[in-house]
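Chemist: build me a model:
(chains A and B)
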Amino acid sequence: MQFGIFTVGDVTTDATNGRTPSEHERIKAMVTIAQKAEEVGLDVFATGEHHNPPFVPSSPTTMLGYVAARTDRLILSTSTTLITTNDPVKIAEDFAMLQHLADGRVDLMMGRGNTGPVYPWFGKDIRQGIPLAVENYALLHKLWREDTVDWAGKFRTPLQSFTSTPRPLDGVPPFVWHGSIRSPEIAEQAAYYGDGFFANNIFWPKEHFKKLIGLYRDRFAHYGHGTPEQAIVGLGGQVFMRKNSQDAVREFRPYFDNAPVYGHGPSLEDFTDQTPLTVGSPQEVIDKTLTFRESFGDYQRQLFLMDHAGLPLKTVLEQLDLLGEEVVPVLRREFAKGRPAHVPEGPTHQSLLARRDAQEVDA
Amino acid sequence: MTRHLVVITAGLSQPSSTRLLADRLTAAVRQQVTDGNVDKSGSDGDGGSEVDVRVVELRDLAGDIAQNMVTGFPGPQLRDAVEAVTSADGLIAVTPVFTGSYSGLFKSFFDVIDKDALAGTPVLIAATGGTARHSLVLEHAMRPLFSYLRAVVMPTAVYAATEDWGAAGDDTLALRIDRAAAELAAQVTARPAARAAGAETFIPFDRQLADLTPQG
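Modeler: Down below sits the predicted model:
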């Protein structure tokens, strides 16, 4: 089981003092947060991709390449990479390059994006969101698995005798997760390829994701990749902790009330009741996170959102200390209990390499 | 077979004339379906069906609807109401006329429902107002809303002005109620069993890929 953090990369005013960090400060803070994630024993750092203010991460592989040079163990990932508006050829090239530089510590999560104007800004039609995700990923999948590609599709210039370079490290493409909030088509796509499915459940109630993840698991088995329990599932989470629950609530409430997305809407209490958000003691975070397994089955990756809504860097680093020292070790222990042996661990370059070699021996 | 009829009423006062009209329409539809007193061409022509009625008072969901606008997901009570509405065999939708149109609360409820979720659902539309001057709200606001949602809107829409509730010897309102109810009852009775609420539907991947294959 892998634990990590994912960041949206928002530049948000701190509601408690009116201070807004500069883009430069925020970008450097993201790097510091990534390094801290490794230091406290987390496994994964993932960054979003955005092309509009107030978000800074427009160029994820640049940032992740820099983080790769400053870390040793951390898996670098995205949340998400826009498979709709990016050229799949460029994704193939950029992430293969990153994979080499990071010695394999790279995977990525495909998403369609949630900002309408990004489609026209990049010359695409938002009404074609799902078909773009399907076709572009089919091409990306091919580019990483076939040395020379001839290809024609609906949305992109055809390719004749094209080789995407560098070739994936050890001939093993980066693992791909497909992120989705609401589309069963994406769960179906992830199942078809035997890829991972990341349900970004942080803003929505669990009933909705039970259906999506259930569909993904069933279809994963249908396409012959293993049993439903062997499908590769990732989940989001969102926490704010202090030793005392009341302190956590008091400190986080002004950030919650003014947060992008849900601020000025539901109360903190309603939102913690209905979504994965936990504001309280480390024990409360442990208890809530353990319920995810009851709802969705044994899973492979748990990412927490820790650094948004204008929280100052110092606070975020304190949160990561609590997460790494008091929460994740307990979660690792508890999630390992009763986990069936045939349920795979979170995928890494080494595990994919080993599986590939085993398949070659079988063949 | 039990038919599920869901009544959406956006009246704000209690008691409200909007609810009163909704109840009159509901009783008329229930009677028509139960009696099998509808044109049953194509069905086996025996007695009527059972009717299960659920009334959704939007006033009780006002806070939930506003929160759904902000968060993008419905709270438990609202989710339950939306599931009832989207899996119904027929709908009766009644709004008061506010500022020349349906009420904002009424519109907001339909704004948080998936735009495809009511496709093919028979709907009887009705409205209440202080005077008859606003009655075309039914034709100029309500009907286009449900047309956009690709619901099947009954030809007869029912408007009740305040004076209609005390019009002695003049049964225009009652006649319209019965006519609209008969239209909805016929549609509800003729419908195949409603789909189960909540199951994920999806397009198999080979078809998603095939749709993208360049022609020729």
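Chemist: contact partners for A:L76?
Modeler: Listed by CB atoms under 8 Å, 6 or more residues apart in numbering or on different chains, the contact partners of A:L76 are A:A34, A:V44, A:F45, A:A46, A:L64, A:V67, A:A68, A:L98, A:A102, A:R105, A:V106, A:D107. For glycine as for every other residue, the C-beta is placed from the backbone atoms N, C-alpha and C.
Chemist: got a markdown table for those, with secondary structure and pLDDT too?
Modeler: Output for the contacts of A:L76, formatted as a markdown table (DSSP: H, G, I helix; E, B strand; the rest coil; pLDDT from 0 to 100):
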| residue | secondary structure | pLDDT |
| --- | --- | --- |
| A:A34 | helix | 98 |
| A:V44 | strand | 98 |
| A:F45 | strand | 98 |
| A:A46 | strand | 98 |
| A:L64 | helix | 98 |
| A:V67 | helix | 98 |
| A:A68 | helix | 98 |
| A:L98 | helix | 98 |
| A:A102 | coil | 98 |
| A:R105 | coil | 98 |
| A:V106 | strand | 98 |
| A:D107 | strand | 97 |
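Chemist: ok, now how distant is the closest residue to A:P158 other than its chain neighbours from A:E135?
Modeler: Residue nearest to A:P158 in three dimensions, not counting chain neighbours: A:A152, with 4.0 Å by CB to CB, 6 or more residues apart in numbering or on different chains. Plainly put, A:A152 is 11 Å away from A:E135 if you go by CB to CB, to the nearest Å.
Chemist: between those two, which has more neighbouring residues?
Modeler: A:E135 (24 against 12; other CB atoms under 10 Å in any protein chain shown).
Chemist: make a ChimeraX selection of the buried ones in the contacts of A:L76.
Modeler: If you want just the buried ones from the contacts of A:L76 in ChimeraX, going by 16 or more other CB atoms under 10 Å in any protein chain shown, the selection is:
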select /A:34,44,45,46,64,67,68,98,102,105,106,107
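Chemist: closest to A:W177 among the contacts of A:L76?
Modeler: For these, the residue nearest A:W177 by CB to CB is A:D107; the value is 6.7 Å.
Chemist: beta partners of that closest one?
Modeler: A:F175 (DSSP bridges).
Chemist: does it touch A:P174 like I think?
Modeler: Yes - between A:D107 and A:P174 there is a contact under CB atoms under 8 Å: 5.0 Å.
Chemist: which parts of chain A are strands?
Modeler: For chain A, the strands defined by DSSP state E cover A:2-7, A:44-47, A:75-78, A:81-82, A:107-111, A:149-151, A:159-162, A:175-180, A:196-199, A:233-241, A:278-280, A:301-305.
Chemist: related to what we said a few turns ago, for B:A167, see how far away the residue nearest to A:P158 is.
Modeler: 70 Å.
Chemist: same deal with B:M1?
Modeler: The value you get for B:M1 to B:A167, if CB to CB is used, is 38 Å.
Chemist: counting neighbours, what do you get for A:T16?
Modeler: 14.
Chemist: how far away is it from A:P254?
Modeler: Using CB to CB, A:T16 is found at 5 Å from A:P254.
Chemist: same question for A:G280.
Modeler: For A:G280 relative to A:P254 (CB to CB), the value is 16 Å.
Chemist: more neighbours: those two, which one.
Modeler: Between A:G280 and A:P254, counted using other CB under 10 Å, A:G280 has the larger neighbour count: 21 against 16.
Chemist: any idea of the pLDDT on that one?
Modeler: Predicted confidence (pLDDT) for A:G280: 97.
Chemist: so it makes contact with A:V249?
Modeler: Yes - with contact defined as CB under 8 Å, A:G280 reaches A:V249; the gap is 7.0 Å.
Chemist: picking up where we left off before, now, which of the contacts of A:L76 sits nearest B:G100?
Modeler: A:A46 (49.6 Å).
Chemist: can you pull the residues of chain B lying near chain A?
Modeler: For chain B, the contact set with chain A under CB under 8 Å from any CB of the partner chain comprises B:66-67, B:69-73, B:75-76, B:79, B:198-205, B:208-209, B:211-212, B:214.
Chemist: just the buried ones from the residues you listed?
Modeler: Among the residues of chain B next to chain A, those scoring as buried are B:Q67, B:T71, B:G72, B:F73, B:G75, B:R79, B:E200, B:F202, B:F205, B:Q208 (criterion: 16+ other CB under 10 Å).
Chemist: now intersect these with the helices, please.
Modeler: The helices, defined by DSSP state H, take in B:Q67, B:T71, B:R79, B:F205, B:Q208 from these.
Chemist: nearest spatial neighbour of the fourth one, skipping sequence neighbours?
Modeler: Spelled out, it's B:F205. Take B:F205 and drop its neighbours on the chain: the residue closest to it by CB to CB, 6+ apart is A:Y192, 4.0 Å away.
Chemist: do you know how far that neighbour is from A:P184?
Modeler: Distance of A:Y192 to A:P184, given as CB to CB: 12 Å.
Chemist: overlap of the contact sets of these two?
Modeler: Counting by CB under 8 Å, 6+ apart, no residue touches both A:Y192 and A:P184.
Chemist: pick out whichever of the two has more residues nearby.
Modeler: A:Y192 (22 against 18).
Chemist: so which helix or strand takes in B:Y159?
Modeler: Per DSSP states H and E, B:Y159 falls inside strand B:158-161.
Chemist: now do that strand: everything it contacts.
Modeler: Taking CB under 8 Å, 6+ apart as the rule, strand B:158-161 contacts B:17, B:21, B:25, B:124-132, B:134-135, B:137-138, B:173, B:176-177, B:180.
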